[in-house]
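Student: Attaching a predicted model along with its sequence, questions to come.
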Amino acid sequence: MAEMVPLLFTLSSKKIVIIGGGKIAFRKAKAFVKSGAAITIISPQIIEDFKEFPSITHINKRFEKDDIKKAHIVIAATNDKKVNQFVKECTTDFQWFNDVSDQKNSDFHTPAVVRRGDLIVSVSTSGKSPILSKKLKSELESYFDDHYVEIVNTYADNRKKPGTE
């Protein structure tokens, strides 16, 4: 498998479709809520936790190919590997796809993230051990405390801009 490349994206006004309405689908949706993306859940049932985010649209139905036609990011988060594989088969080369049941079948992984203002530290095991990523995230949260918000801002204020002396 080719080496993964860590990137940060601006997702404002992008469309994210998540197929599935359980705990994993909720965790994936929650990771994108503050991004400004339009998030849609396709599932006949969803857990109560989704009520926490009224900005998330829920379409109460089983997945059909046209459900992802305009999506930029597609996440298959069902507990049925056949459904997840079908979702993958329905994507185009121009859509980013994540299969929560099979990381080898995914174009991207969502890392464990520590945020302190504009400081973003992410940890990934390339999908091999989410438990280890979570453990490392916890350790990094202790190290990078809220003081880092101020540190980043101070460095930003003192940064020399190209073309200035």
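Tutor: Good, I have the coordinates.
Student: buried sites along stretch 104-113?
Tutor: Of the residues in stretch 104-113, 105-106, 108-112 count as buried by neighbour count, 16 or more other C-beta atoms under 10 Å. C-beta: built from backbone N, CA, C; applies to glycine.
Student: from what I can see residue 86 touches residue 63, true?
Tutor: Yes - at 7.4 Å, residue 86 counts as touching residue 63 under the criterion of C-beta atoms under 8 Å.
Student: Backbone dihedrals for the nearest residue to residue 148 once chain neighbours are set aside, both of them.
Tutor: Spatial nearest neighbour of residue 148, excluding adjacent residues (C-beta to C-beta, 6 or more residues apart in numbering): residue 116 at 4.1 Å. Residue 116 adopts backbone torsions of phi -130, psi 90, taken as degrees, to the nearest 10.
Student: Now do stretch 35-46: distance from first to last residue.
Tutor: One end of stretch 35-46 sits 21 Å from the other (C-alpha to C-alpha, to the nearest Å).
Student: Now for the residue nearest to residue 148: which residues touch it?
Tutor: Neighbouring residues of residue 116 by C-beta atoms under 8 Å, 6 or more residues apart in numbering: 144-146, 148-149, 152.
Student: Just the strands from this structure, written as ranges.
Tutor: Assigned by DSSP state E, the strands in the chain fall at 15-19, 38-42, 57-59, 73-76, 96-99, 112-116, 119-123.
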